[in-house]
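Undergrad: Provide a 3D model corresponding to the input given below.
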Amino acid sequence: PVLRCAACSSLSVCATADQLVQCVSDTRQPVRLGAVVALARIHSHRLGAFLSDVNDQVVTEAARGLYGNGDEESLRALSKLGGKPNVSKIAQRYAVAASFRRGGLPEAERILAIAASPEVSKEVRVEAMNALMAWQSPSDIDRLTGQYRPIYKRLPLDFTEGLSRWRNEIFIGPDEIKIKAAELVTFFHIKTAADLLSSRVNDENESPRVRAASLQALFDLHDTNLMGSIRFLVRDDDAAVRKVARSILATSDPVAAIEEAEYVLQGDSTDEKQQVIQMLCQLNTAEADHVLLGALRHQLKSEASLSIRLDLLEVAEKRGEGALVDVACELESQRDLKDPLAHYRECLAGGNAEHGEKVFFKNKKVTCVRCHMVNERGGSVGPNLSKVGREKTVEYLLESIVLPSAKISPGYSTVQFLMATGRVQSGVVKKEESDFFVIQNADGALLTLQKDEIDEMQAGLSGMPADLVQQLSKRELRDLVAYLGVLVEEKKRSAHFE
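TA: All right, here's what the predicted structure looks like:
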């Protein structure tokens, strides 16, 4: 690799663009690839000559170079690559992005054709649909590179005719395509797609996600035939469809929605019960409050489910209605003061694992990923949590967050060292020899401490901050516990990402 890099660098200095382009007919792939890399280094639009190469890698590198150039000639050549057969996903994405940046009518038609082509990968088709929806208001941040590359104001285009013409084709494909297509026709108000959407809602062989997305699209398109079927769809066999139908019912017939909510609260689906609790709160009527009050009073019974308790307590606080607040206070008074987890027990059930994953990896207040690893992502200061849901109970997981020092995994207690200089060093002991310790501090750094420089040491506390739980809302805590609970098998990450 080093020699190849050196050769390409040399070629970019000593050879002209005309000389390098002549390599397009060379039968040796490494020679053509080297010429492409050299042309990319000198930012030449002549890279376009290699877009018809028989080798994927040569085409991909030519596309990457042309997109990096960013000049009009390079983008024009690259945009024509979109939709051609036997082109890699990466090269197709560069072609879509180039067409998006140029922003003309021919480029828009190419992207429409890509979005509708079953021969193109689903990832590229979704990217094409997203580009169409961002067409009139492009971001200053480049869609592929993440760099600041503003697109100057361009003439508006009407996609209605084109999408109407391709409306059947854009829905052909896997679920991700059908769901994105429903979003696309809604975004551009393609009312002629209503019959197609309706057929997908009524097709029980479609996946629940597709049926739900199609139903939402029909509502957003103000389909006049929709309301007649909503009363039946709230009792559909698919929960995803029922949830969308219920939210539509709440806007069209609040009285019927309240009756439906009361029915749902007597069922077993936690997800749907949580939905109707939020729906009743938003309806903001005395009738809705009455149903909420009944559900909250049921929580006073010992057999009541914990999975919706937090939702009801939050709604009682938000609504501020006297009877709701009184029952919520009565429920709070039932907490066992001797139980260290009493204030958090409603976080044991009902969490959203997908939201909890975001708390683990992206919440900057708690930065779980800084110290803990899940599926080869994260730090190594604390225990690897990739299989913690299989090894520990939900109550243990909650306690480890609320009271991190109550039970410490072996080998992960923090040791504090008072040094002869008066400075305090703390961390997890990773190694001990006759004359020194090696510790890992909270930043993940390894420090070597000489024993003859240590005045005193104290062990036993967890490396997790004792007030960590104060940085999370109860909803975030519940979601985090739910996420940790589903971690039952370690998954290896691929070494290659497109």
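Undergrad: Could you use CA atoms for every contact and neighbour count after this?
TA: Noted.
Undergrad: the helices in the stretch 201-350 of the chain, which residues?
TA: Remark: helices assigned in the stretch 201-350 of the chain by DSSP state H, counting those that start in this stretch are 208-220, 227-233, 239-252, 254-264, 270-283, 286-298, 309-319, 322-333.
Undergrad: Select from these the stretch with the lowest mean pLDDT.
TA: If the helices of the stretch 201-350 of the chain are sorted by mean pLDDT, helix 227-233 sits at the bottom with a mean of 90.
Undergrad: Now do that one: which elements does it pack against?
TA: For helix 227-233, the elements it packs on are helix 239-252, judged by 3 or more CA pairs under 8 Å, 6 or more residues apart in numbering; DSSP states H and E.
Undergrad: What angle do helix 208-220 and the helix it packs on make with each other?
TA: Interaxial angle, helix 239-252 versus helix 208-220 (axes from the mean of the first three to the mean of the last three CA atoms, to 10 degrees): 20 degrees.
Undergrad: got the buried residues for stretch 472-489?
TA: Of all the residues in stretch 472-489, those buried under the rule 16 or more other CA atoms under 10 Å are 472, 474-485, 487.
Undergrad: Can you list the low-confidence ranges for this protein?
TA: Judged against pLDDT under 70, the low-scoring parts of the chain cover residues 1, 406-413, 459-463, 492-498.
Undergrad: what about stretch 114-125, start to end distance?
TA: With CA to CA, to the nearest Å as the measure, stretch 114-125 spans 6 Å from end to end.
Undergrad: And for stretch 352-371?
TA: 22 Å.
Undergrad: Now that stretch: buried residues?
TA: By neighbour count on 16+ other CA under 10 Å, the buried set for stretch 352-371 is 352-353, 355-357, 359-361, 363, 366, 368-371.
Undergrad: Columns distance to residue 275 and secondary structure on top of the buried residues of stretch 472-489, output as JSON lines?
TA: Below are the buried residues of stretch 472-489 laid out as JSON lines (distance: CA to CA, whole Å; DSSP: H, G, I helix; E, B strand; the rest coil):
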{"residue": "472", "distance to residue 275": "22", "secondary structure": "coil"}
{"residue": "474", "distance to residue 275": "17", "secondary structure": "helix"}
{"residue": "475", "distance to residue 275": "14", "secondary structure": "helix"}
{"residue": "476", "distance to residue 275": "17", "secondary structure": "helix"}
{"residue": "477", "distance to residue 275": "19", "secondary structure": "helix"}
{"residue": "478", "distance to residue 275": "16", "secondary structure": "helix"}
{"residue": "479", "distance to residue 275": "15", "secondary structure": "helix"}
{"residue": "480", "distance to residue 275": "19", "secondary structure": "helix"}
{"residue": "481", "distance to residue 275": "20", "secondary structure": "helix"}
{"residue": "482", "distance to residue 275": "17", "secondary structure": "helix"}
{"residue": "483", "distance to residue 275": "19", "secondary structure": "helix"}
{"residue": "484", "distance to residue 275": "23", "secondary structure": "helix"}
{"residue": "485", "distance to residue 275": "22", "secondary structure": "helix"}
{"residue": "487", "distance to residue 275": "25", "secondary structure": "coil"}
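Undergrad: Let me know the closest of those to residue 288.
TA: Proximity to residue 288 was ranked across these by CA to CA; first place goes to residue 475, at 22.6 Å.
Undergrad: mind listing what that closest one touches?
TA: By CA atoms under 8 Å, 6 or more residues apart in numbering, residue 475 lies in contact with 310, 347, 351.
Undergrad: Take the helices of the stretch 201-350 of the chain and write them to a markdown table, including distance to residue 24 and mean neighbour count.
TA: What follows is those, written out as a markdown table (distance: least, CA to CA, whole Å; neighbours: other CA atoms under 10 Å):
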| stretch | distance to residue 24 | mean neighbour count |
| --- | --- | --- |
| helix 208-220 | 46 | 23 |
| helix 227-233 | 60 | 15 |
| helix 239-252 | 53 | 20 |
| helix 254-264 | 67 | 18 |
| helix 270-283 | 59 | 19 |
| helix 286-298 | 72 | 18 |
| helix 309-319 | 65 | 19 |
| helix 322-333 | 75 | 16 |
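Undergrad: So for residue 136, which of these sits nearest?
TA: When the helices of the stretch 201-350 of the chain are compared by CA to CA, helix 208-220 sits nearest residue 136, at 20.3 Å.
Undergrad: That closest one packs against which elements?
TA: Judged by 3+ CA pairs under 8 Å, 6+ apart, the packing partners of helix 208-220 are helix 175-187, helix 194-202, helix 239-252.
Undergrad: Identify the residues contacting it?
TA: 175, 178-179, 182-183, 185-186, 194, 197-198, 200-203, 226, 238-241, 244-245, 248.
Undergrad: which of those are buried?
TA: Applying a neighbour-count criterion of 16+ other CA under 10 Å, the buried members of those are 175, 178-179, 182-183, 185-186, 194, 197-198, 200-201, 226, 238-241, 244-245, 248.
Undergrad: Can you show me the CA trace of stretch 385-400 as PDB?
TA: Extracted in PDB, the C-alpha atoms of stretch 385-400 (Å, rounded to 0.1, in the frame of the first residue of the first chain):
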ATOM      1  CA  LEU A 385     -22.200  -4.900  29.100                       C
ATOM      2  CA  SER A 386     -22.700  -6.700  25.800                       C
ATOM      3  CA  LYS A 387     -24.500  -9.600  27.500                       C
ATOM      4  CA  VAL A 388     -25.600  -8.000  30.800                       C
ATOM      5  CA  GLY A 389     -29.300  -8.600  30.000                       C
ATOM      6  CA  ARG A 390     -28.700 -12.300  30.100                       C
ATOM      7  CA  GLU A 391     -26.500 -12.300  33.100                       C
ATOM      8  CA  LYS A 392     -28.400  -9.900  35.400                       C
ATOM      9  CA  THR A 393     -31.900  -9.200  36.500                       C
ATOM     10  CA  VAL A 394     -33.700  -5.900  35.600                       C
ATOM     11  CA  GLU A 395     -33.700  -5.000  39.300                       C
ATOM     12  CA  TYR A 396     -29.900  -5.500  39.400                       C
ATOM     13  CA  LEU A 397     -29.600  -3.200  36.400                       C
ATOM     14  CA  LEU A 398     -31.700  -0.500  38.000                       C
ATOM     15  CA  GLU A 399     -29.800  -0.700  41.300                       C
ATOM     16  CA  SER A 400     -26.400  -0.500  39.500                       C
END
